[in-house]
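Enquirer: Need coordinates for the following:
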Amino acid sequence: EGGGGVLLSQGSSSSLPGVSAQTWVGGSCGAEYPSNASGFDTGQLNFKTSCLNTSLDGDCPPGCSTAGGTGICLPCEYGTFKSAVGSASCEVCPENSKSAKQSIGVHDCMCIDGFTPLTEDGGMRCVPCDERPKARCNRAAYGPCLASFVEYLEVQSNLDNSGLVYAGAEFEVFVFKKDSYAQTIITDSLSQLVVSTVDPVNVDSDDTTTKLIGRGDQVLDKGQARFSLLVIPTFEWILTSRTTERAAMLYREPHIWFKGSDEQNPDRAVRMESAPSRVPLHQNISVCAEGSVLMLDEDTRNDYGYFGECQACDNEQYSLYPLAGAGGTRLATKGFMPSCITCPAGAGVGICGASRVQSQIGIWVERDYEHILVSCPWGYRVVNKGESGFFDGGLQECKPCDEGTECTNNTCTECTDCDAGYYKAFAGTQECAQCPEDRYNPDRGAQTLAQCLLCPTKSSTRKKLAQTTAAACDCDDDYYAAVGQDPPVCVKCPKAAFCDSPSLCLLRGHPDVVHNCSAGGLVGEWDLENSTGLSEYSGRYLLSSCPSGHELVTYEEASEELQECKPCTSQQYILRPNYDTCQPCPPGLICFGNDV
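Expert: Now for the predicted structure:
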């Protein structure tokens with residue numbers, strides 16, 4: 001098949017009891033090959049019964065040796081040989097050569113394609129064909145020897161550098177149809193292989209604790225098939241703690257098994273199969289790759305635990321530890337359902353996802369496998385709670401302080417209301433502004449300038465800022481504040497109560513207050529109108545009586561501004577100052593402006 005064949009001829013038998021003999025003849029590709037002796041059974045080498053022969057007093061026959069100190073004779077593995085009876089180990093074939101199982105001599109070691117044997121000093125080595133241009137080098141499809149019928153299926157996989165697979169992660173398996181010489185039978189593009197999970201103890205039973213995902217059947221292409229598979233195993237124990245090595249324990253490691261019928265030789269009805277192949281999985285704290293979590297299927301729990309597979313977090317989620325998650329679901333008594341964590345709102349676009357979380361603002365720490373915002377800079381507040389009032393990691397961010405609030409510390413967690421006398425009209429990092437002059441604000445948290453109230457007419461804060469009460473509004477010099485009025489009222493000072501030097505109303509504060517006035521103090525008695533407050537003069541000072549020699553001019557007779565104790569002249573007299581007016585001095589009398 002495939003060209004480059006050899007001549008196989010019947011040879012004489014070996015005298016070793018129970019061991020099938022072979023005769024070796026030269027082949028056309030420059031190497032020696034086994035003849036079709038009694039050990040060559042329908043194209044398959046079969047020396048298994050001879051290795052178990054017990055008539056050699058504990059020694060193993062050629063092609064067999066004891067393995068692992070068990071004392072049991074087993075066939076030499078591929079690529080090795082043993083040429084004599086005894087307890088010696090199997091020897092390794094020369095470099096760039098291979099051999100079938102249970103090979104009995106170095107002549108069983110066949111040079112691989114591109115190499116040719118060179119015999120010297122009783123030994124053999126394989127040299128490149130270019131070094132022996134006159135030698136006939138085999139270019140057959142199957143390598144340097146004739147491909148016989150299928151003997152086994154060889155399984156290879158493309159695992160990662162660790163040699164392990166993540167649960168639920170796709171991996172590729174390559175299956176090769178091999179003959180007795182470990183050569184791929186590339187002429188077969190007919191046979192179909194199927195894959196299934198298998199109980200490693202009982203290969204006739206499927207493993208119900210493992211789900212196998214992927215196309216389970218493939219037709220050989222030139223003697224090989226490629227399977228893209230993933231396994232979802234059963235985890236019997238899950239703990240969220242990173243400190244234990246038993247954080248994620250498998251019930252058992254999955255095994256897969258490949259089998260099929262040899263459609264290239266249907267008359268032989270040979271069943272092709274591989275040995276159960278273990279799928280080595282990551283476990284415990286490294287059960288999944290960075291940025292992934294172990295998702296457990298609560299709905300399909302089996303008798304041994306939960307099916308679990310690694311799931312990568314999307315661009316709006318992250319994971320610092322595959323067995324941790326915020327607000328996980330309780331799994332009986334064995335732990336919590338791991339889950340990806342929502343990226344915090346404070347993470348910038350494109351810098352959160354998988355295992356990477358960055359934020360442009362604030363101080364963040366890792367706590368319980370989650371990024372936690374602990375403080376913000378000046379002018380910001382920490383946001384981390386939802387409408388329910390509970391912590392929500394996805395809402396975490398530094399937000400500028402709202403209207404009417406500020407934070408003026410180097411590190412901030414909360415914004416506080418603006419103090420009385422201050423206001424802040426817009427959300428932002430700026431501090432609260434002072435109420436301008438001639439305004440006051442008695443309340444905290446003012447959000448508009450209008451909340452800084454204007455001083456009453458004819459009053460001011462005397463250029464002072466950030467005033468908190470109406471008392472800070474001082475009436476103008478020629479006015480005084482009506483007592484007990486809210487809002488305050490500034491009243492025009494009566495002329496009789498006004499001091500020109502300095503320019504000052506003598507009723508400011510209290511009439512009993514002594515003012516330094518060059519013209520003297522107040523004349524007469526000024527009473528505070530403190531009636532029920534319904535009077536229009538409530539809180540104002542009204543002139544009630546005058547001393548001798550003065551005429552009482554009341555607010556009722558003139559006006560509030562014109563009330564006074566009007567002095568009588570020396571040509572006048574007044575007997576009752578509070579009731580009479582100044583009268584002309586009678587003829588023949590001398591008056592002094594009073595009652596004399």
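
Enquirer: How about the residue most central in space within the chain: what's its closest non-neighbour residue?
Expert: Most central in the chain under C-alpha atoms, centre = their mean is Tyr318, positioned 2.7 Å from the mean C-alpha point. The shortest distance from Tyr318 to any non-neighbouring residue, by C-beta to C-beta, 6 or more residues apart in numbering, is to Val357 (5.2 Å). Placement of C-beta: from N, CA and C, glycine included.

Enquirer: Can you report how many residues lie near that neighbour?
Expert: Neighbour count of Val357, defined by other C-beta atoms under 10 Å: 20.

Enquirer: quick one: strands adjacent to the host helix or strand of it?
Expert: Assigning secondary structure by DSSP states H and E places Val357 in strand 356-359. Strand 356-359 sits in its sheet next to strand 347-353 (antiparallel), going by DSSP bridges.

Enquirer: I'd like the mean pLDDT over the partner strand, please.
Expert: Across strand 347-353, pLDDT averages out at 69.

Enquirer: ok, and what's touching the strand holding Val357?
Expert: 291, 318, 343-344, 346-348, 351-352, 364, 371, 373, 397 (C-beta atoms under 8 Å, 6 or more residues apart in numbering).

Enquirer: Which residue, other than its chain neighbours, is closest to Asp199?
Expert: Ser205 (4.3 Å).

Enquirer: what's whichever helix or strand comes after the strand holding Val357 packed up against?
Expert: Under the assignment DSSP H and E, the closest C-terminal helix or strand after strand 356-359 is strand 363-367. With contacts taken as 3 or more C-beta pairs under 8 Å, 6 or more residues apart in numbering; DSSP states H and E, strand 363-367 sits against strand 370-375.

Enquirer: which neighbours does the strand it packs on have in its sheet, and in what orientation?
Expert: With DSSP bridges as the test, strand 370-375 pairs up with strand 363-367 (antiparallel).

Enquirer: so who does the nearest residue to Arg439 once chain neighbours are set aside touch?
Expert: With C-beta to C-beta, 6+ apart as the criterion, Arg439 has its nearest non-adjacent residue at 4.0 Å, and that residue is Cys452. Neighbouring residues of Cys452 by C-beta under 8 Å, 6+ apart: 423, 435-436, 439-441, 446.

Enquirer: Which two among the residues you listed are spaced furthest apart?
Expert: Taking C-beta to C-beta as the measure, the contacts of Cys452 span a maximum distance of 12.5 Å, between Pro436 and Ala446.

Enquirer: These two: which is more packed in?
Expert: Using other C-beta under 10 Å as the criterion, Pro436 and Ala446 rank with Ala446 on top: 26 against 13.

Enquirer: helix or strand for the more buried one, which one?
Expert: Using DSSP H and E, no helix or strand contains Ala446.

Enquirer: hang on, it packs against Asp419?
Expert: No: counting by C-beta atoms under 8 Å, Ala446 does not reach Asp419; the two are 9.2 Å apart.

Enquirer: Could you work out the end-to-end span of stretch 165-183 for me?
Expert: 28 Å (C-alpha to C-alpha, to the nearest Å).

Enquirer: typo on my end, it should be stretch 238-253
Expert: 16 Å.

Enquirer: do the same with stretch 495-504
Expert: End-to-end distance for stretch 495-504: 11 Å, by C-alpha to C-alpha.

Enquirer: Identify all contacting residues around that stretch.
Expert: The contact list for stretch 495-504 (C-beta under 8 Å, 6+ apart) reads 477-478, 505-507, 515-519, 522-524, 526, 541, 543, 561-565.

Enquirer: same thing with stretch 212-227?
Expert: So stretch 212-227 is in contact with 170, 172-177, 184-197, 228-232, 254, 256, 258, going by C-beta under 8 Å, 6+ apart.

Enquirer: swap in stretch 312-324?
Expert: Stretch 312-324 is contacted from outside by 238-240, 242, 247-248, 285-294, 310, 325, 335, 338, 340-343, 352-357, 366, 368-371, using C-beta under 8 Å, 6+ apart.

Enquirer: buried residues in it?
Expert: Of all the residues in stretch 312-324, those buried under the rule 16 or more other C-beta atoms under 10 Å are 312-313, 317-324.

Enquirer: What of stretch 157-173?
Expert: 157, 165-169, 171, 173.

Enquirer: Okay, now the unreliable bits of the stretch 251-400 of the chain?
Expert: Residue ranges of the stretch 251-400 of the chain with pLDDT under 70: 325-336, 348-350.

Enquirer: I'd like the distance between the residue nearest to Asp199 and Trp526.
Expert: Distance, Ser205 to Trp526, using C-beta to C-beta, to the nearest Å: 115 Å.

Enquirer: out of the two, which sits in the more crowded spot?
Expert: A count of neighbours by other C-beta under 10 Å puts Trp526 above the other of Ser205 and Trp526, at 22 against 11.

Enquirer: Run through the residues that contact that one.
Expert: Neighbours of Trp526 in contact, by C-beta under 8 Å, 6+ apart: 497, 507, 511, 541-544.
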